[in-house]
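# Build me a structure from this.
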Amino acid sequence: MKPSPSLRALLTRRALLGRSAGGLGALALASLLQPDLRASGGLRGMPHFAPRAKRVIFLFMAGGPSHVDLFDPKPQLKRREGQPIPPELLKNHQQFALIRGTPSLRGSPYAFPKCGQSGAVISELLPHLGKVADDLTIIRSMHTDTNVHDPAVNFMNCGTQLGDRPTLGAWLSYGLGSENQDLPAYIVLTSGASDGQPLLQSFWGQGFLDSRHAGVPFRNSGDPVLHLANPAGLSPADRRRELDLMQWMNRRQSDALGDPAIASRIASYELAFRMQASVPALADLQDEPEHILKLYGADPAKPSFARNCLLARRLVERGVRFVQLYDRGWDSHTDIDREHRRQCLASDQPAAALLTDLKQRGLLEDTLVIWGGEFGRTPVAQVAGTTWGRDHHPHAFSMWLAGGGLKPGLTYGSTDEFGYNAAESPVHVHDLHATILHQLGLDHRQLTFRTQGRDFRLTDVSGTVVRDILAG
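Presented below is the predicted three-dimensional model:
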């Protein structure tokens, strides 16, 4: 007996694939709209082990702060200032980004007092940070793979110089989800002087992960997110009915095609609707007491790094998984004294205030705060005279971290006597990423995503957890 036409249709390969895709789309939609079915809205089985941190605030100093002027004083530079750079330092050297010829050594003009009980050495340009030195874990031996801005920012964010891979924040959103379903898991804030270095969307992109894992930039003026307010004459109830109709059409399309992107779009619309209620109250700093505004040095009405630091505290307080603050203006090729003084004046007090505020609210112990740029700056002068500056430097630079289960009051690693190469206990960017993920309960070797025939991860095929900086 031959099968009926309708049964034959059910058995065709095309029908099988279509119905399979529809099933996958339905599963994706269910998981997106009912995040309580998954662990914290993330992947099943995540975290891999008990985390020491639940969330991250990354204070990204875009352009590259000078380690030898802020955290890594080198007396030898002062003693030999004006002399040509020793040839042995250039043995494994990348070509300078902009310097040509043989540059001269240049020491730092700043004092470096010992701070706190730990005796951490921090530049006079950062007096507020010096007051919280015992909360810091300073890494002096960072190094990276490139001295070009955009690839280096991508590398610090994505573990690769390519701009089409998921960022650290996207990986955390993918693995752990958000603790607040009314806000994105990953939010980006920007500040600082526009010095010609662009902020690319890839710096907070999701790469090959689902689009809901991308960072959501908040604007510095007007509504934090475009189209947050309804048009005049449209009530919330009208918006809800409009959205319900659109969702009904999208669900029918999802059932027919099984495209996971449609499921993501549905979930995005729902999140956007919830954000219309949650974001305005979050961004309104008028309810912050005067002493908190004074602590940060923040004016609620003016965009600034200080305001963004205060917003970052409010965001993690509400369960946002990853907040990244980009502060532009650190690319000091010329007139570094003026430019770094300006940047430090704008960022020192707010960064220290953020640690103080998180600590007094009991949030610092499970919030990992990170400060640093894409690379450091050369211990040689790029130009002579009073407007001297420093070029890009990938071979050694400093970063600091705080909270999140790290050893406070620790200065880890060292550079050579000129601050040129990482010498003792070098820490590669992949090692930093592995350590960050570890503190959030994630094994960097197991947090993977299969695409293009292979399993990708943030740390590529390397990376070692820096256990010496972890608290017991």
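# measure Arg265 to Arg241 for me?
19 Å (C-beta to C-beta, to the nearest Å). Heads up, the C-betas are built off the backbone N, CA and C, glycines and all.
# Mind checking which of the two has more residues around it?
In terms of neighbours (other C-beta atoms under 10 Å), Arg265 is the more surrounded of Arg265 and Arg241; the figures are 19 against 11.
# Spell out the residue ranges of the helices in the stretch 201-350 of the chain.
With helices called from DSSP state H, counting those that start in this stretch, the stretch 201-350 of the chain shows them at 236-257, 260-283, 290-296, 305-317, 336-360.
# want to throw these into CSV with distance to Thr448 and mean pLDDT?
Supplementary listing: those in CSV, determined by distance: least, C-beta to C-beta, whole Å; pLDDT from 0 to 100:
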stretch, distance to Thr448, mean pLDDT
helix 236-257, 26, 81
helix 260-283, 18, 76
helix 290-296, 39, 98
helix 305-317, 26, 97
helix 336-360, 31, 98
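# In JSON lines, list these along with distance to Gly403.
Compiled in JSON lines, these are given as follows (distance: least, C-beta to C-beta, whole Å):
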{"stretch": "helix 236-257", "distance to Gly403": "38"}
{"stretch": "helix 260-283", "distance to Gly403": "21"}
{"stretch": "helix 290-296", "distance to Gly403": "17"}
{"stretch": "helix 305-317", "distance to Gly403": "11"}
{"stretch": "helix 336-360", "distance to Gly403": "7"}
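# Could you identify which of the ones you listed is most buried?
Mean neighbours per residue, mean count of other C-beta atoms under 10 Å, is largest over the helices of the stretch 201-350 of the chain for helix 305-317, with a mean of 24.
# got the angle for that helix vs helix 260-283?
Note on geometry: by axes from the mean of the first three to the mean of the last three C-alpha atoms, to 10 degrees, helix 305-317 and helix 260-283 are set 120 degrees apart in direction.
# For helix 305-317, give me every contacting residue.
By C-beta atoms under 8 Å, 6 or more residues apart in numbering, the surrounding residues in contact with helix 305-317 are 55, 57, 59, 183, 187, 189-192, 218, 282-283, 285, 288, 292-293, 296-300, 323, 325, 327, 346-347, 349-351, 353-354, 357-358, 361, 363, 367.
# Off-centre distance for it?
Its chain's average C-alpha position is 14 Å from that of helix 305-317, according to C-alpha atoms, centre = their mean, to the nearest Å.
# Then stretch 84-92?
Averaging C-alpha positions (C-alpha atoms, centre = their mean) puts stretch 84-92 33 Å from its chain's average.
# For that stretch, buried residues please.
By neighbour count with 16 or more other C-beta atoms under 10 Å, stretch 84-92 contains the buried residues 85, 89.
# in the stretch 1-150 of the chain, which spans are helices?
Assigned by DSSP H, counting those that start in this stretch, the stretch 1-150 of the chain shows helices spanning 5-11, 13-33, 67-70, 75-79, 127-131, 149-158.
# right, so of the helices of the stretch 201-350 of the chain, which gets closest to Gly419?
When the helices of the stretch 201-350 of the chain are compared by C-beta to C-beta, helix 336-360 sits nearest Gly419, at 14.4 Å.
# Can you spell out which helices and strands pack onto that closest one?
Under the contact criterion of 3 or more C-beta pairs under 8 Å, 6 or more residues apart in numbering; DSSP states H and E, the helices and strands touching helix 336-360 comprise strand 55-61, helix 67-70, helix 127-131, strand 186-192, helix 290-296, helix 305-317, strand 322-328, strand 367-372.
# what bits of the stretch 1-150 of the chain have low per-residue confidence?
In the predicted model, the stretch 1-150 of the chain carries pLDDT under 70 at residues 1-41.
# that older thread, select, out of the helices of the stretch 201-350 of the chain, the one closest to Gly389.
It's helix 336-360; of the helices of the stretch 201-350 of the chain, that one is closest to Gly389 (C-beta to C-beta) at 4.4 Å.
# how distant is that closest one from the center of its chain?
Averaged over its C-alpha atoms, helix 336-360 has a centre that lies 17 Å from its chain's centre (C-alpha atoms, centre = their mean).
# Excluding chain neighbours, what is closest to Asn157?
Using C-beta to C-beta, 6 or more residues apart in numbering and skipping residues adjacent in sequence, the residue nearest Asn157 is Thr167, 4.3 Å away.
# Ends of stretch 214-224, what's the gap?
Between the opening and closing residues of stretch 214-224 lies a distance of 16 Å (C-alpha to C-alpha, to the nearest Å).
# Please apply the same query to stretch 44-55.
As for stretch 44-55, its first-to-last residue distance stands at 18 Å under the measure C-alpha to C-alpha.
# buried stuff in it?
For stretch 44-55, a neighbour-count test (16+ other C-beta under 10 Å) marks 46-48, 51-55 as buried.
# In contact with the residue nearest to Asn157, which residues?
For Thr167, the residues meeting the contact criterion (C-beta under 8 Å, 6+ apart) are 157-158, 203-207, 215.
# isn't Gly297 right up against Leu354?
No - with contact defined as C-beta atoms under 8 Å, Gly297 and Leu354 do not form a contacting pair (11.3 Å).
# Ramachandran angles for His418?
Actually, residue 418 is Phe. It isn't His. phi -110, psi 0 (degrees, to the nearest 10).
# and it, how many neighbours?
Here the count is done by other C-beta under 10 Å, and Phe418 has 20 residues near it.
# for the residue nearest to it when sequence neighbours are not counted, what are its contacts?
Distances taken as C-beta to C-beta, 6+ apart put Pro379 closest to Phe418, at 5.1 Å, once the chain neighbours are dropped. For Pro379, the set of contacting residues under the criterion of C-beta under 8 Å, 6+ apart consists of 68, 74, 77, 105-106, 390, 393, 418-420.
# among the residues you listed, who's most crowded?
Most crowded among the contacts of Pro379, counting by other C-beta under 10 Å, is Gly419 at 32 neighbours.
# list the contacts for it?
With the criterion set at C-beta under 8 Å, 6+ apart, Gly419 makes contact with 67-68, 72, 74, 77, 379, 396.
# ok, Ile370 - how many residues close by?
A count of neighbours around Ile370, defined by other C-beta under 10 Å, yields 21.
# how close does it sit to Leu401?
According to C-beta to C-beta, Ile370 stands 5 Å off from Leu401.
# Gln247 now?
When Gln247 is compared with Leu401 (using C-beta to C-beta), they lie 42 Å apart.
# Leu410 - how many residues pack around it?
By the measure other C-beta under 10 Å, the count of residues near Leu410 is 18.
# from what I can see Ser221 touches Lys302, true?
No - under the contact definition of C-beta under 8 Å, Ser221 does not touch Lys302, with a separation of 9.5 Å.
# if we can go back for a sec, mind putting the helices and strands packed on helix 336-360 into TSV with distance to Leu90?
What follows is the helices and strands packed on helix 336-360, written out as TSV (distance: least, C-beta to C-beta, whole Å):
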stretch	distance to Leu90
strand 55-61	26
helix 67-70	17
helix 127-131	33
strand 186-192	32
helix 290-296	43
helix 305-317	36
strand 322-328	30
strand 367-372	25
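# For Glu270, which of those is the nearest?
Closest to Glu270 of these, according to C-beta to C-beta: strand 186-192, at 17.1 Å.
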